[in-house]
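# Next one to model:
(chains A and B)
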Protein chains: 2
Amino acid sequence: MFAPVYFDYNATTPVDARVLEAMLPHLRGESGFGNASSRHDHGREARKAIDEARQQVAAAVGAHPTEVVFTSGGSESNNLFLKGAAACIKPGPIAPVIAISAIEHPCVRETARDLVRAMAHQGWKLREIAVDDQGRIDAGDYAEALALWPRLLSVMLANNETGTIQDIPALARQARAIGGWFHTDAVQALGKLDVNFRELNAAGVHAMTVSAHKIHGPKGAGALVLDKRIELRPLISGGGQERGLRSGTENVAAIVGFGRACELIAERLKQDVSRFADMRSELERGLMQLGATVFSQAAQRLPNTVYFALPGIDGETLVGKLDRAGYAVASGAACSSANPEPSHVLQAMGVAPEIAREAVRISLGSDNNVAQIADFLAVLSDTVFKLRRLSALAG
Amino acid sequence: MFAPVYFDYNATTPVDARVLEAMLPHLRGESGFGNASSRHDHGREARKAIDEARQQVAAAVGAHPTEVVFTSGGSESNNLFLKGAAACIKPGPIAPVIAISAIEHPCVRETARDLVRAMAHQGWKLREIAVDDQGRIDAGDYAEALALWPRLLSVMLANNETGTIQDIPALARQARAIGGWFHTDAVQALGKLDVNFRELNAAGVHAMTVSAHKIHGPKGAGALVLDKRIELRPLISGGGQERGLRSGTENVAAIVGFGRACELIAERLKQDVSRFADMRSELERGLMQLGATVFSQAAQRLPNTVYFALPGIDGETLVGKLDRAGYAVASGAACSSANPEPSHVLQAMGVAPEIAREAVRISLGSDNNVAQIADFLAVLSDTVFKLRRLSALAG
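Model (predicted):
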């Protein structure tokens, strides 16, 4: 038996050994296990560790430590910003609009839908911004959306399925004139691209979501990086932690792990960029030979992500076969795989449902190498051959 | 130098070594690091681990696994129930009321205040229920509160500062007639008392909050135990995890640790009960000799909690002196120690502000022993002597 190969780094990543090492003192009955609000040595150690992690996260994303609000993860950060900001917006003479791209992660899309329902008494409306066939924001539709003077906007930096990167500074600069608050979900971008909140903020981005478990940190920690001029109502009220924006005893170990993982981003980026390029071109070359369509190939994409469809091969079926052959890949986004509907991202790109159902995502990580790609392509080719023969027999 | 002694188990507890052992496979790049929504081996391992933890938590609190909703902790669980339920209550002919005890933790109290502000358009009102001088719900005031037909009620099982235990089944039975939804915050009770949701639910309790880090589990995991007839709007929308009640990639390691910590409750309870009784009577005997008032001494209390005031000795000052002498104790509740106001719990009990400012809490845990109490009393006596001499000199 060979060790299974993990090709699903956009879903989650293993914790880096150095990150775990930083976390362990806070998970053992050592000095750092205290409640960070306690006024004794154990509490102060915990507080100090959180402060240090806040600096590490801020440094990695080009923000000031006071702009970093720790949460339990990306979903909470997205909910905190969208629901929290909507609750603070005073309704004006026209019904307030929230505009999001049609390809947002469910934790933005469902949040926007829920907030429109919850704020129905103020007449909130949701406007989805169309994308082109490569998954890029459609310029014409964006201009039309801006004409509605949205009070809130949310466009992700990089898409989790296709890897498509949006030109967030350009979009934010356009949105500036109308005075809405602009948020970007940078969960998939962090660790794979340079992410700099200072530059985004200068262009007009007010808030940005990041998460630890996508960058070899632990699950259970994330942050909302927030322009301090923005007023938010907290989702979680209570003891007033995180400047009153997120109450609850801080998850010290996870926050410390998040900080350490952020510190390792620069090193990882340097090592991975050229390796990913080699692996991806090898992978896409092999996929094309099997007749695959690679989505968003003409767009700027995350260097680690390849999203493809093999004609006549059901995505779910292929994922299952590859799993049994020792390869962990995804069909559609992990977070929505409980949902048998074809990907909303592909649908927004105008991909026909029958092709969207064939979609399979490979997302590479630091532990992958070119030899794995070659082996994988051989297994894939064999699997596809067998599946096609089966369906020919059945047909 | 002697090792510092931790007397602040109500603020947080160190993770049990057996809990950490259960968590580690999910924190290392081993099989269990996957995203529980992923449809491959790594994902299934994570899903299986969460299911197992759900059974462990359910077993420990006398609930069915399907009644356990995992969250990031106690504060989130309290917010989820109160805000989530209020959002689903259709306003009737009279303005809806939420009734909470006057001694709730800030994550219930501030949440109730915030929800009343957020739902102002529906006319929500907050009613605080008075307590007697021992911190027990005042029967007369409770009856008056019920006469307002509150749609939501929240009374904690045991108070974090005084340790006072409320007769929740009796209170819930009374509330039943009016049809409101009854919630109890059992964060401090779990692990120190028998907590049985089946019995509470039969009496009329609809929801209960528990947290991992108070029972030697990790920070970052908690649960809302919920009667499935109750409809809630999620705080965190997205991928639809936890039956749509709490989206976000599950914090597998913390959830697994929570499950294991729950498994250890029974053993810990058996070992601790008589030991706590001995330690507490020794401690209170010594405190009385120093002229201390012990709060809620006439009430049913958590066996590990002693909350006291020494005449003329400022609580904050004493906590600082004891910290330097190697003892970690609390003044007021840890979560509100950023707040210099005297404890709202003591104020609700009618304790004068100048005495409330003297309050210090000792909360014992499994690692404490009677010898530590004797040593502590000697140090305390010396500290008090010096502080009194100082204030006599100053006076």
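# All the helices of chain A, in order from the start?
Applying DSSP state H to chain A gives helices spanning A:17-27, A:41-61, A:74-88, A:106-118, A:139-146, A:168-176, A:197-203, A:252-263, A:265-289, A:315-324, A:344-348, A:353-356, A:370-394.
# As CSV, these with distance to B:Val116 would be great.
All C-beta atoms are positioned from the backbone trio N, CA, C, and that covers glycine. Putting the helices of chain A into CSV (distance: least, CB to CB, whole Å) gives the following:
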stretch, distance to B:Val116
helix A:17-27, 36
helix A:41-61, 31
helix A:74-88, 13
helix A:106-118, 16
helix A:139-146, 35
helix A:168-176, 34
helix A:197-203, 34
helix A:252-263, 31
helix A:265-289, 42
helix A:315-324, 47
helix A:344-348, 36
helix A:353-356, 45
helix A:370-394, 57
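# Can you get me a residue count around the closest residue to chain B within the stretch 151-300 of chain A?
The minimum distance from the stretch 151-300 of chain A to chain B, using CB to the nearest CB, falls at A:Gly238 (3.0 Å). Applying other CB atoms under 10 Å in any protein chain shown, we find 27 residues neighbouring A:Gly238.
# Now do the contacts for it.
A:Ser247, A:Gly248, B:Ser75, B:Asn78, B:Asn79, B:His105, B:Pro106, B:Cys107, B:Val108, B:Glu110, B:Thr111, B:Cys335 (CB atoms under 8 Å, 6 or more residues apart in numbering or on different chains).
# Likewise for A:Arg260?
Contacts here follow CB under 8 Å, 6+ apart; on that basis A:Arg260 touches A:Asp16, A:Arg18, A:Val19, A:Ala22, A:Met23, A:Ala53, A:Gln56, A:Gly217.
# ok, of those residues, which one's closest to chain B?
A:Met23 (7.3 Å).
# Relative to chain B, how far out is A:Ser391?
21 Å (CB to the nearest CB, to the nearest Å).
# scratch that, A:Asp314 is what I was asking about
13 Å.
# Kindly report the residues of the stretch 51-200 of chain A close to chain B.
A:72-76, A:78-79, A:87, A:105-108, A:110-111, A:113-114, A:118, A:121 (CB under 8 Å from any CB of the partner chain).
# re earlier: wait, which of the helices of chain A is closest to A:Thr184?
Taking CB to CB, helix A:168-176 is the member of those nearest to A:Thr184, at 5.2 Å.
# wouldn't A:Ala223 be in contact with A:Phe258 here?
Yes. In this structure, A:Ala223 is within contact of A:Phe258 by CB atoms under 8 Å, at 7.4 Å.
# quick one on the thing from earlier: quick one: buried ones out of the contacts of A:Arg260?
A:Asp16, A:Val19, A:Ala22, A:Met23, A:Ala53, A:Gln56, A:Gly217 (16 or more other CB atoms under 10 Å in any protein chain shown).
# picking that back up, find the residues that touch each one of A:Ala223 and A:Phe258.
The contact lists of A:Ala223 and A:Phe258 share A:Val57, A:Phe70, where a contact means CB under 8 Å, 6+ apart.
# do you know how far A:Ala170 is from A:Tyr142?
Using CB to CB, to the nearest Å, A:Ala170 is found at 10 Å from A:Tyr142.
# more neighbours, these two?
A:Tyr142 (21 against 14).
# Chain neighbours aside, what residue packs nearest to that one?
Leaving aside its chain neighbours, A:Tyr142 sits nearest to A:Ile129 (5.5 Å; criterion: CB to CB, 6 or more residues apart in numbering or on different chains).
# Give me the distance between the two termini of stretch A:234-243.
10 Å (CA to CA, to the nearest Å).
# Give me the buried positions along it.
Within stretch A:234-243, judged by 16+ other CB under 10 Å, the buried ones are A:Pro234, A:Leu235, A:Ile236, A:Ser237, A:Gly238, A:Gly239, A:Gly240, A:Gln241, A:Glu242.
# List the contacts of stretch A:39-52.
A:26, A:31-38, A:65, A:70, A:250, A:252, A:255-256, A:259, B:4, B:6, B:8, B:11, B:316, B:319-320, B:322-323, B:327-331, B:334, B:337.
# on that earlier part again, number of nearby residues for the residue nearest to A:Tyr142?
A:Ile129: 24 neighbours (other CB under 10 Å).
# Bridged to it, which residues?
Note on A:Ile129: beta-bridge partners A:Ser101, judged by DSSP bridges.
# Repeat that for A:Ala328.
A:Tyr6.
# Look up the pLDDT of the residue of the stretch 51-200 of chain A found nearest chain B for me, please.
Using CB to the nearest CB, the closest approach of the stretch 51-200 of chain A to chain B is made by A:Cys107 at 3.0 Å. On pLDDT, A:Cys107 comes in at 97.
# what's the neighbour count on it?
28.
# Spatially nearest residue to A:Phe197, not counting backbone neighbours?
A:Ala63 (4.1 Å).
# Would you mind measuring from A:Gln134 to B:Gly240?
28 Å.
# hang on, the earlier thing: make a PyMOL selection of the buried ones in the contacts of stretch A:39-52.
Buried residues within those, by 16+ other CB under 10 Å, are selected in PyMOL with:
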select buried, (chain A and resi 26+31+32+33+34+35+36+37+38+70+250+252+255+256+259) or (chain B and resi 6+8+11+316+319+322+323+327+328+329+330+331+334+337)
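# Counting neighbours, which of the contacts of A:Gly238 comes out on top?
Ranking those using other CB under 10 Å puts B:Asn78 first, with 35 neighbours.
# if I look at it, how far off is A:Gly204?
Distance from B:Asn78 to A:Gly204, by CB to CB: 36 Å.
# Then A:His42?
From A:His42 to A:Gly204 the distance is 43 Å (CB to CB).
# cool, and A:Glu231?
Distance from A:Glu231 to A:Gly204, by CB to CB: 17 Å.
# With neighbour numbers in mind, choose between the two.
A:Gly204 (22 against 12).
# Quick check, pLDDT for the more buried one.
Confidence score, pLDDT, at A:Gly204: 98.
# Over to A:Ala392?
82.
# Could you do A:Ile129 as well?
98.
# swap in A:Ala3?
Value for A:Ala3, per-residue pLDDT: 66.
# I'd guessed A:Asp272 sits against A:Arg280; true?
No. At 11.1 Å, A:Asp272 does not count as touching A:Arg280 under the criterion of CB under 8 Å.
# Identify the contacts common to the two.
In contact with both A:Asp272 and A:Arg280: A:Pro303, A:Asn304, using CB under 8 Å, 6+ apart.
# Check A:Arg361 and give its pLDDT.
pLDDT, read off for A:Arg361, is 97.
# What residues are bridge-paired with it?
A:Tyr307, A:Ala330.
# dump the residue contacts of it.
Counting by CB under 8 Å, 6+ apart, A:Arg361 makes contact with A:Asp8, A:Asn10, A:Glu161, A:Thr305, A:Val306, A:Tyr307, A:Phe308, A:Val329, A:Ala330, A:Ser331, A:Gly332, A:Ala333.
# Looking at those residues, spot the one nearest A:Glu284.
Nearest to A:Glu284 among those, with distances taken as CB to CB, is A:Val306, at 6.1 Å.
# Is that closest one in contact with A:Leu287, as I believe?
Yes. Under the criterion of CB under 8 Å, A:Val306 makes contact with A:Leu287 at 7.2 Å.
# Which one's more surrounded, the two?
More crowded of A:Val306 and A:Leu287, by other CB under 10 Å: A:Val306, with 26 against 21.
# Distance check, the more buried one against A:Leu387.
According to CB to CB, A:Val306 and A:Leu387 sit 19 Å apart.
# next one: A:Val5
20 Å.
# what about those two, which has more around it?
More crowded of A:Val5 and A:Leu387, by other CB under 10 Å: A:Val5, with 20 against 17.
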